[in-house]
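Trainee: Give me a model of this one.
(2 chains)
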Amino acid sequence: MLKRLFLALSILAVWGCPLAAGLQVVATSPSMGALVREIAGPGVHLTVLAPPDRDMHSLQAKPSMIHALRGADLVVALGAELEVGWLPLAIASSTNARLQPGQTGYFEAAAQVDLLDRGAAADRALGDVHPVGNPHLDLDPVRTARVGRALAERLGQLDPASATQYRRRAEAFAAEVDRRVRLWAQRLKGAPGVVLYHRDAVYLLDRFGIPLLGLIETVPGVPPTAAHLKELTAGLAGQRGVLLYASYQSSTEPEALARQLGWPVQGLPLEPPMDADGEGYLRHIERWVAAIAAGQR
Amino acid sequence: MRSHVTPGAIAAALVATLASPRVAFPSTASDIAELRASLNALKAQYERRIHALEARLAAAEGHSARAARQGPQARAETAAPEPAASQPMTAAQVIAAPVGTPAADARGALTSGSAFNPQISVILNGNYYQDSQDGHGADRVGEALWPGRDLTTGDSASGEATAVNGFNFSEAEIAFSATVDPYFDAVTRLSVGGDGSLALDEGWFQTRGLPYGLRLKGGQFKSDFGYINVQHPHAWDFADQNLPYLNLLGEGGLDATGVQVTYLPPLPVYTLIGAELAQGDGERFGATLSPDEQEVLGLSQTRGGPRLWTAFAKVSPELGESHALQLGVSYASNSQQQSGHLLGEPPGLWTPAVETTGAAQVVGLQGRADLWGIDLVYKYDATGEYGYRDFKFQSEYLREVQDMTAGDAVPEAAGTRYTIATDGLYAQAVYGIWPRWQVGLRYDVLGLTNQVRGGIDADYGSSDRWTAALTWNLSEFSRLRLQYAKNDILVAPGERERFDAFYLQFLVSMGSHGAHPF
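Mentor: I've put the predicted structure just below:
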């Protein structure tokens, strides 16, 4: 009986092991997934943990995530505590010691570039704040390209045979980003400014020098008050601008504000589609650029 | 206002006198009151000024940090990338000093300061409770009639009410967690009750780097039996524990002081199997009598451990990004279980204390106890914000069987064998009706089978309850819950208590950001 059980288990174990070809990489978000596809190329075995329409901060450590991390060589996270509620727990539960922070298998995008909104007061009266900095750096294509270069180095450490190839792909991606950023900068010249729901698109605004005219939520993770919205409307009356919010955020307040101000309003995903590669990522940024540019008319 | 002089006023007067010698010594109570008022005003004024200064400082810091970043950014775009070392996502870590920021004050001593402190969180759990049983309802749900519970000590195991009519402070849970070294993580959870009682809820270490999907845990921990057993009260979807867990395992669930090993095999679907070996002196499951009672009733002494072992398996098929399902099966066995009952009556009924009745009246039982459990959890993660339209269904079935033999203190019962079998289940669902607002519905029942076979045959009925809850998550760190339960509890053969119970519960969490387990 025991022998048969053991046999069955070992057959399952062999079947369950993916073919050794290529690195096994887990990305927490679709943007990081796109970067992995772009830099690592078609040979990589990639799993993306969170779809683009979710609040990355509020996810749970699901068994399927633990399962994906079990045999991974590398986990690519956005970091800066965005995934703090579930990624450390999922990595620990996966028993995969190679993915622990500090190991070669742990890559955090936020640790590769300088962050905005750093050093905020660690006071929860100000909401669910993260003093290490704003983690939504993937909306800045330039920072993302820089993360791509660091990722190429990391992939090269894990798979030295293809190191030059990873580096070449990262450089090519950075060059393409450079080209697009120049076009976008021209297109956004003189864009009047944006009101966001949450400080999630500040990296994009910062990159192109677009003024952030206001925030719908006063403190992160806490819904806005009517008084704040009234104050915001009063302050912005007569100006031009655009209202943008992430697709998982409430559309009620931005839509109401847009009606009162006569501004264009748009809900956009913070993340590219699940199957995006570098080009898919740039198309995603293009959507945001177009939405901001809509304020010029 | 009271006319006599309070000690606080005297202290205030003394402080005022010492601080400013020109103030005349106050001679009447009204003088003291006036003095106090002016002191308070002074204090408030200073607080306001300090707050204003703090705000200005924070604003100035924000400006300068921003200015410092503007410069290096342009340079960094063209510079070669510097792959920074990976940093764990904890607030204590600083990612990299921004370019241009001066180093820390060179005159200070180099110290790691508080950086090695464990992550600390404190969770407060309290409620306003009201039932139609003069406040005895909260105890009664944990004392439903079933034959495997020992009643020789008369009262509920904890001896104190879980909630009385009016305000209750359930507990303050203080949790510390940290990585010990490259080999272990460790957690300590203390529970401070409203009466000041302090208990160690959990204190364990767990391996970080064992190969082959293995993990080892040791210390005192909540058993991974079933699904809800590992959850602390603040993680429940309702203000109180379900009937089968509460009655078969007691307030704290199945606690283990021992070791646990889990194995995550490399299978195509998530599968976790595990086993525990533990001391097994449970509140109900594996309960033994006191040495005095054991001697009087002719039962063996409490044996040395380990007496408890458990085994469990959990499987979760891949269902895409929005759905998650986990199925589990668990088993626990305790090699020593003892109870007493009145001669001529079946076990589980009220039994007078051994000291008052004498041994001839009370039959002692001893044997072993086995517990089976199956659990199912399904979660739907909607795209809405703050849990809007998220759905969760959770259900568990427990069945306990005790194989008992009467002790030899009462000759007419000595050696009589009993098989006691009791089961129960709960099923509950929660749904996000609005962002941050959740409704929950639960049905729980104890004693679908509730019987004694052997020396005496008896069949007791079942106890059940319907519970509805409305939960408001103000933020990730605070929660209010309104709960109503319609109880139908069997307290003695053929005797039921039907009552309503209301909870208005608050839960607040301070300190480090909590994990979101499945």
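Trainee: Show me the shaky parts of the stretch 201-350 of chain B.
Mentor: Nowhere does the stretch 201-350 of chain B drop to pLDDT under 70.
Trainee: And the helices in it?
Mentor: Using DSSP state H, counting those that start in this stretch, the helices found in the stretch 201-350 of chain B span residues B:243-249, B:291-297.
Trainee: Residues touching the single longest helix found in chain A, excluding its own?
Mentor: Using DSSP state H, we find that the single longest helix of chain A is helix A:163-187. Residues from elsewhere that reach helix A:163-187 (CB atoms under 8 Å, 6 or more residues apart in numbering or on different chains): A:38-41, A:141-142, A:144-146, A:148-149, A:151-153, A:155-157, A:159, A:207-208, A:278, A:282, A:285-286, A:289, A:293. Where C-beta positions appear, they are placed from N, C-alpha and C, glycine not excepted.
Trainee: follow-up on the earlier one: any idea which of the helices of the stretch 201-350 of chain B is most buried?
Mentor: helix B:243-249 (a mean of 26; mean count of other CB atoms under 10 Å in any protein chain shown).
Trainee: Next one: the residue in the stretch 101-250 of chain A that chain B sits nearest to relative to A:Gln112, how far apart?
Mentor: Nearest to chain B in the stretch 101-250 of chain A, going by CB to the nearest CB, is A:Pro101, at a distance of 3.3 Å. In this view, A:Pro101 and A:Gln112 are 14 Å apart by CB to CB, to the nearest Å.
Trainee: neighbour count winner among these two?
Mentor: A count of neighbours by other CB atoms under 10 Å in any protein chain shown puts A:Gln112 above the other of A:Pro101 and A:Gln112, at 27 against 23.
Trainee: wait, doesn't that one sit right on A:Thr144?
Mentor: No - the criterion here is CB atoms under 8 Å, and A:Gln112 misses it with A:Thr144 at 10.0 Å.
Trainee: still on that earlier bit, the longest helix of chain A: which residues count as buried?
Mentor: A:165-167, A:169-170, A:173-174, A:176-177, A:181, A:184, A:187 (16 or more other CB atoms under 10 Å in any protein chain shown).
Trainee: before we move on, what about stretch B:305-323?
Mentor: B:305-310, B:312, B:314-317, B:321.
Trainee: Stretch A:204-212 now?
Mentor: Neighbour-count burial for stretch A:204-212 [16+ other CB under 10 Å]: A:204-208, A:210.
Trainee: Low-confidence ranges, the stretch 401-518 of chain B, go.
Mentor: For the stretch 401-518 of chain B, no stretch is flagged by pLDDT under 70.
Trainee: can you map out the helices along chain A?
Mentor: Under DSSP H, chain A gives helices at A:2-16, A:30-40, A:63-70, A:87-93, A:141-158, A:163-187, A:202-208, A:226-236, A:252-261, A:278-293.
Trainee: nearest to B:Asp255, of these?
Mentor: helix A:87-93 (21.2 Å; CB to CB).
Trainee: And for the closest one, what's in contact with it?
Mentor: A:28, A:49, A:61-62, A:65-66, A:69, A:75, A:77, A:99-101, A:106, B:88-89, B:185, B:206, B:208, B:264, B:515-517.
Trainee: Give me the buried entries from those residues.
Mentor: Here, 16+ other CB under 10 Å leaves A:28, A:49, A:61-62, A:65-66, A:69, A:75, A:77, A:99-101, A:106, B:88-89, B:185, B:206, B:208, B:264, B:515-516 buried among these.
Trainee: Does stretch B:259-274 reach chain A?
Mentor: Yes - judged by CB under 8 Å from any CB of the partner chain, stretch B:259-274 comes into contact with chain A through B:264-270, B:272.
Trainee: mind listing what's buried in that stretch?
Mentor: For stretch B:259-274, by 16+ other CB under 10 Å, it's B:259-267, B:270-274.
Trainee: Save those as TSV, and put in distance to B:Thr471 too.
Mentor: What follows is the buried residues of stretch B:259-274, written out as TSV (distance: CB to CB, whole Å):
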residue	distance to B:Thr471
B:Val259	36
B:Gln260	31
B:Val261	36
B:Thr262	31
B:Tyr263	35
B:Leu264	32
B:Pro265	37
B:Pro266	38
B:Leu267	36
B:Tyr270	28
B:Thr271	32
B:Leu272	29
B:Ile273	33
B:Gly274	31
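Trainee: Spit out the contact partners of the residue in the stretch 101-250 of chain B positioned nearest to chain A.
Mentor: Nearest residue of the stretch 101-250 of chain B to chain A: B:Gly209, at 3.7 Å (CB to the nearest CB). Contacts of B:Gly209 were listed using CB under 8 Å, 6+ apart, and they are A:97, A:100, B:182-183.
Trainee: okay if I get these as a markdown table plus pLDDT?
Mentor: Below are those laid out as a markdown table (pLDDT from 0 to 100):
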| residue | pLDDT |
| --- | --- |
| A:Ala97 | 93 |
| A:Gln100 | 93 |
| B:Pro182 | 88 |
| B:Tyr183 | 92 |
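Trainee: farthest-separated two in these?
Mentor: A:Gln100 and B:Tyr183 (11.7 Å).
Trainee: where do the contact lists of the two overlap?
Mentor: B:208-209.
Trainee: Pairing partners for B:Gln337 in the sheet, please.
Mentor: Beta bridges link B:Gln337 to B:Gly367 when assigned by DSSP bridges.
Trainee: I'd like to know how far it sits from chain A.
Mentor: According to CB to the nearest CB, to the nearest Å, B:Gln337 stands 29 Å off from chain A.
Trainee: Tell me who's in contact with that residue.
Mentor: Contacts of B:Gln337 by CB under 8 Å, 6+ apart are B:148, B:285-288, B:366-369, B:402, B:404.
Trainee: for those, which one is nearest chain A?
Mentor: B:Arg368 (23.4 Å).
Trainee: Is it correct that the closest one is in contact with B:Trp309?
Mentor: No - the pair B:Arg368 / B:Trp309 is not scored as a contact, 11.5 Å apart, by CB under 8 Å.
Trainee: This completes my enquiry, with thanks.
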